[in-house]
Structures are given as C-alpha cells and as structure tokens.
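Enquirer: With the sequence up front, the predicted model follows.
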Amino acid sequence: MPYISTKTTVTISAEKRESIKNKLGKAIELIPGKSESWLMISFDDNSTMYFKGSDAKPLAFVEVKLFGKASQDAYKNLTQAIMEILEEELGIQGDCIYVKYEEVSTWGWNGINL
Amino acid sequence: MPYISTKTTVTISAEKRESIKNKLGKAIELIPGKSESWLMISFDDNSTMYFKGSDAKPLAFVEVKLFGKASQDAYKNLTQAIMEILEEELGIQGDCIYVKYEEVSTWGWNGINL
Amino acid sequence: MPYISTKTTVTISAEKRESIKNKLGKAIELIPGKSESWLMISFDDNSTMYFKGSDAKPLAFVEVKLFGKASQDAYKNLTQAIMEILEEELGIQGDCIYVKYEEVSTWGWNGINL
C-alpha cells in the first residue's frame, strides 16, 4: 500500500507523466514487498513553491507514504532512484528536491483496514 | 481536531461536494469524541493520479488526520463509511480508494497547541 | 529540513505570497536549529474547504513537517507566529486555521537520507 505524491513547480506533460509513473512503478520495488500492483501515485505540477527563500530553480517535494516499515537502506535506494527520475525527466536537480517518508500503521482499502 | 482531505481524479460538482461534506460530518462521529464541530475538510478534484500503473478508473486518496488516537474498530468503521460515501456520491469503487490515517500529537488552533 | 504547506480558501496575490514567504522564513527560526536556508514552502490557494460544516469564512490548513523533533514550547511559538502571519496578510482568523505538526525520521535530499 504505498503512495507517492509529487508536487513540483514545473509543468509535467502527459508524456513525461506516463514515463515518470512507469519509472516510479519500478523504483517502488526497492522497498521489499512493495510493487506497482499496490502503488497509487499523484502529480501536482505548476505548484507555487519556494526553497531557501527563492523560487528561481525548479523544485519538487515528494512524499512517500507506505503501510508498515522498511529499512534505512531501502529508503536510501528509493531516494536516489526518485531523484534520478525527476532529474532525467523534468530537469530538477537533486539539491532542489525533498523526499519525505511516512510509515503508516492504519491504511484502508476496499472497506477494510490493513 | 480532525481533518479529512479527499484527492480524486473525478470532478466534484458543488452539489455533490455539499452532500459529501454533510456525510463526512456525520461519519466522523464514528471516532469517539470527534464531531463536525471541529472537522476541517478539503477537496482536490480533477487530480492526476494512477493506481496499479493505470488511470483508467476513477481514483481517490483520502487522508484522515486527527489529534490523539482512536481504536482500530473506530478506524475500520470510518473507512467503510468513507468508501460508501465516495461510491454513492462519485461512483468510485472501494478497490480504487485508499484511506490513510495519521494520529497527530501536536496540533495548533487559534494561537494555541493541543 | 522543514517544509511548510499552506492550503487556503482565499486567493494569495504574488505580493502577499512573497511577504508570507519572507515571514515564514523568519518564523521557522523559532524552532531551534531550523532556518530559511533549508525551508521549503508551498501554497495552495483558492482551495475548496469547509470547517464546522461551513465554507462561509476564510480558512487555512497549514502543515509543518520537520526532520527530527522540537519542544512543545517551540511549536507553540511557531503556531502563534503562523497565525499572526495569516491573519495580517490574508485576513484569516486564528479560529479558522489549523496548524498540524509532523516529526519526520526519514528525509531525503540530494541523493541521501538524513
């Protein structure tokens, strides 16, 4: 039950979105037990954001929310993968991206909680 | 101090929004001690989302944030209620909805923290 | 590594946004060890929101996410500062604002996790 939201100042074309979605679907496998079969993704582009008091550079704030827990190693690998994806696809530099993790203990799907 | 955000791919008309808001205001009572008198709600419709790699079906990601804690039974009942509301009002199927819970220990209102 | 998101029903002009951004950049120093040099900020204005079942008054939901922890005193001071900023700049009353805190243990930046 992972969820990855990407909020960014840049415009994401339909083509880029599809490509990022596919790459995130692969990257989530870096977390043991997680895969695209349970991954929900959202994109908020053209957002109003600042980093270090400035909006001069392209920025992104990514939130990874997942049911349960994972190791620090797994999170490190996912952070690297997400930054590579956003740099390749949208030209956002790694030092302009935050990736924030949340381990969730109560998560509902299809009328039940996990 | 509960907060429920609904992010969905579908369009929510003003009429539907009012109806969902009213129903969520009732549903929050499934959490002991919570009621519409302290409930804040937000809607983000027409969002760009994918689930299981696809954007073919209507999707929703609901976040329930609340001050303090509640029992698993209470959360289960709220998950069921939220899914019924979104299915009835927006035609989103329960297997296309995630409801994620967050128990919050620091929450500010009107200049003070709870 | 703090992040402050402001979701509000009102329109935020470019001028107001700049001013709020600058004030939040100062206010974050109320949390020991935090400063604008690592602060990311986002604004979502014109949002669809309700509080206590009504959308009659201007509303705001602010999320403060930060790496590590801080004292309750620090959070209290930041809550007061944020409410003053939103009241001064946008005319939103403190009793129509929630400020929710999240202490984060895994936070990625520039290819590494903290």
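Expert: Alright, I've got the coordinates. The structure presented is a predicted model; accordingly, all values stated were derived computationally and were not measured. Residues are numbered from 1 along each chain as shown, chains lettered A, B, ... in the order given.
Enquirer: Chain A: strands as residue ranges?
Expert: Here chain A has its strands, by DSSP state E, at A:2-8, A:40-44, A:48-51, A:60-67, A:97-104, A:107-109, A:112-113.
Enquirer: show me what contacts the closest residue to chain B within chain A?
Expert: Per Cβ to the nearest Cβ, A:Gly108 is where chain A lies closest to chain B, at 3.3 Å. Every C-beta, even on glycine, is put in place using the N, C-alpha and C of the backbone. By Cβ atoms under 8 Å, 6 or more residues apart in numbering or on different chains, A:Gly108 lies in contact with A:Leu114, B:Tyr75, B:Lys76, B:Thr79, B:Ile82, B:Met83, B:Ile97, B:Tyr98, B:Val99, B:Lys100, B:Tyr101.
Enquirer: In JSON lines, list the strands of chain A along with mean pLDDT.
Expert: Below are the strands of chain A laid out as JSON lines (pLDDT from 0 to 100):
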{"stretch": "strand A:2-8", "mean pLDDT": "98"}
{"stretch": "strand A:40-44", "mean pLDDT": "98"}
{"stretch": "strand A:48-51", "mean pLDDT": "98"}
{"stretch": "strand A:60-67", "mean pLDDT": "98"}
{"stretch": "strand A:97-104", "mean pLDDT": "98"}
{"stretch": "strand A:107-109", "mean pLDDT": "98"}
{"stretch": "strand A:112-113", "mean pLDDT": "96"}
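Enquirer: Is it possible to get JSON lines of the ones you listed that adds distance to B:Thr8?
Expert: Shown next, in JSON lines, are the strands of chain A (distance: least, Cβ to Cβ, whole Å):
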{"stretch": "strand A:2-8", "distance to B:Thr8": "13"}
{"stretch": "strand A:40-44", "distance to B:Thr8": "10"}
{"stretch": "strand A:48-51", "distance to B:Thr8": "22"}
{"stretch": "strand A:60-67", "distance to B:Thr8": "17"}
{"stretch": "strand A:97-104", "distance to B:Thr8": "19"}
{"stretch": "strand A:107-109", "distance to B:Thr8": "15"}
{"stretch": "strand A:112-113", "distance to B:Thr8": "20"}
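Enquirer: B:Leu39: which of these is closest?
Expert: Closest to B:Leu39 of those, according to Cβ to Cβ: strand A:107-109, at 17.8 Å.
Enquirer: circling back to that earlier point, right, so of the strands of chain A, which gets closest to B:Thr9?
Expert: Among these, if distance is taken as Cβ to Cβ, the winner is strand A:40-44, at 9.1 Å.
Enquirer: Chain C contacts on chain A?
Expert: A:7, A:47-53, A:59, A:61, A:72, A:75-76, A:79-80, A:82-83, A:94-95, A:97-102 (Cβ under 8 Å from any Cβ of the partner chain).
Enquirer: cutoff 7 Å now
Expert: Contact residues (Cβ under 7 Å from any Cβ of the partner chain) of chain A with chain C: A:7, A:47-53, A:59, A:61, A:72, A:75-76, A:79-80, A:83, A:94-95, A:98-101.
Enquirer: Just the buried subset of the residues you listed, please.
Expert: The neighbour-count test (16 or more other Cβ atoms under 10 Å in any protein chain shown) marks A:7, A:47-53, A:59, A:61, A:75-76, A:79-80, A:83, A:94, A:98-101 as buried among the residues of chain A next to chain C.
Enquirer: wait, what's in contact with A:Ser42?
Expert: The contact partners of A:Ser42, by Cβ atoms under 7 Å, 6 or more residues apart in numbering or on different chains, come to A:Ser5, B:Lys7, B:Ser47, B:Thr48, B:Met49, B:Phe61.
Enquirer: Revised request: answer the last question for A:Ile4.
Expert: A:Leu24, A:Leu39, A:Ile41, A:Val62, A:Val64.
Enquirer: redo that, cut-off 8 Å
Expert: Listed by Cβ under 8 Å, 6+ apart, the contact partners of A:Ile4 are A:Leu24, A:Ile28, A:Leu39, A:Met40, A:Ile41, A:Ser42, A:Val62, A:Glu63, A:Val64, A:Lys65, A:Ile82.
Enquirer: Show me which of those are buried.
Expert: Buried members of these, counted by 16+ other Cβ under 10 Å: A:Leu24, A:Ile28, A:Leu39, A:Met40, A:Ile41, A:Ser42, A:Val62, A:Glu63, A:Val64, A:Lys65, A:Ile82.
Enquirer: any chance of those in JSON lines, with distance to A:Glu18 too?
Expert: Listed next are the buried ones among the contacts of A:Ile4 as JSON lines, based on distance: Cβ to Cβ, whole Å:
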{"residue": "A:Leu24", "distance to A:Glu18": "11"}
{"residue": "A:Ile28", "distance to A:Glu18": "16"}
{"residue": "A:Leu39", "distance to A:Glu18": "15"}
{"residue": "A:Met40", "distance to A:Glu18": "16"}
{"residue": "A:Ile41", "distance to A:Glu18": "11"}
{"residue": "A:Ser42", "distance to A:Glu18": "14"}
{"residue": "A:Val62", "distance to A:Glu18": "18"}
{"residue": "A:Glu63", "distance to A:Glu18": "21"}
{"residue": "A:Val64", "distance to A:Glu18": "20"}
{"residue": "A:Lys65", "distance to A:Glu18": "22"}
{"residue": "A:Ile82", "distance to A:Glu18": "17"}
